[in-house]
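Undergrad: Build the 3D model from these lines:
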Amino acid sequence: MSFRDIGIKIQAAREEKGFSQEQLARLVGCSQSALSNYEKGKRRLYLSQLEKIAEILDKPLEYFVASLSSQHHSQPVADRNQRFVTIVNHLSRLTDEEINEVMEYIDYLEWRRSGGHK
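TA: Residues are numbered from 1 along each chain as shown. Have a look, this model is predicted:
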């Protein structure tokens, strides 16, 4: 699950509720450009912000953090969603430097899974 994947879900839920970016941004307490960057995956979204967006858009937090391709995995979706929520909760307590380290490790795992080719 990437920030872009979360952004896609934010945009879909926002449009489903009939909100413009400006309207949702005002309710969340951020600028329209910040919300646009969240939706594009260009800006990191903190758990507290995502929780507020979920509440405003009447969606469970799991809606935003569940993998878009979870049907391709053998683990039941509910268990997988709970794991994503747990991971997001852990990430929310890390410093920016620690989050960068986590992202580097994720990049390494993806590189290794691809057979060492990018």
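
Undergrad: Lys9 and Pro60 touch, don't they?
TA: No - applying CB atoms under 8 Å as the test, Lys9 and Pro60 come out as separate, 11.4 Å apart. All C-beta spots, glycine's among them, are computed from the backbone N, C-alpha and C.

Undergrad: neighbour-wise, which of the two wins?
TA: Set Lys9 next to Pro60 and count neighbours by other CB atoms under 10 Å: Lys9 wins out with 22 against 12.

Undergrad: any idea of the pLDDT on the more buried one?
TA: Looking at Lys9, its pLDDT is 92.

Undergrad: Leaving out chain neighbours, which residue sits closest to it?
TA: Phe64 (4.9 Å; CB to CB, 6 or more residues apart in numbering).

Undergrad: got the contact list for the host helix or strand of the one you found?
TA: Here Phe64 sits within helix 61-65, counting by DSSP states H and E. The contact list for helix 61-65, computed with CB atoms under 8 Å, 6 or more residues apart in numbering, reads 1, 6, 9-10, 13, 50-51, 53-54, 81-82, 84-85, 87-88.

Undergrad: Can you name the next helix or strand after it?
TA: Per DSSP H and E, the helix or strand that comes after helix 61-65 is helix 77-91.

Undergrad: ok now that following helix, how far from the chain's centre?
TA: Centre-to-centre, helix 77-91 and its host chain are 11 Å apart (CA atoms, centre = their mean, to the nearest Å).

Undergrad: try stretch 82-96
TA: The answer for stretch 82-96 is 11 Å, by CA atoms, centre = their mean.

Undergrad: And for stretch 33-53?
TA: With CA atoms, centre = their mean, you get 8 Å for stretch 33-53.

Undergrad: buried ones in that stretch?
TA: 34-39, 41, 43, 45, 47, 49-50, 53 (16 or more other CB atoms under 10 Å).

Undergrad: With stretch 83-103 instead?
TA: 84-85, 88.

Undergrad: can I get these in CSV with pLDDT and distance to Arg112?
TA: Below are the buried residues of stretch 83-103 laid out as CSV (pLDDT from 0 to 100; distance: CB to CB, whole Å):
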residue, pLDDT, distance to Arg112
Phe84, 79, 21
Val85, 77, 26
Val88, 82, 23
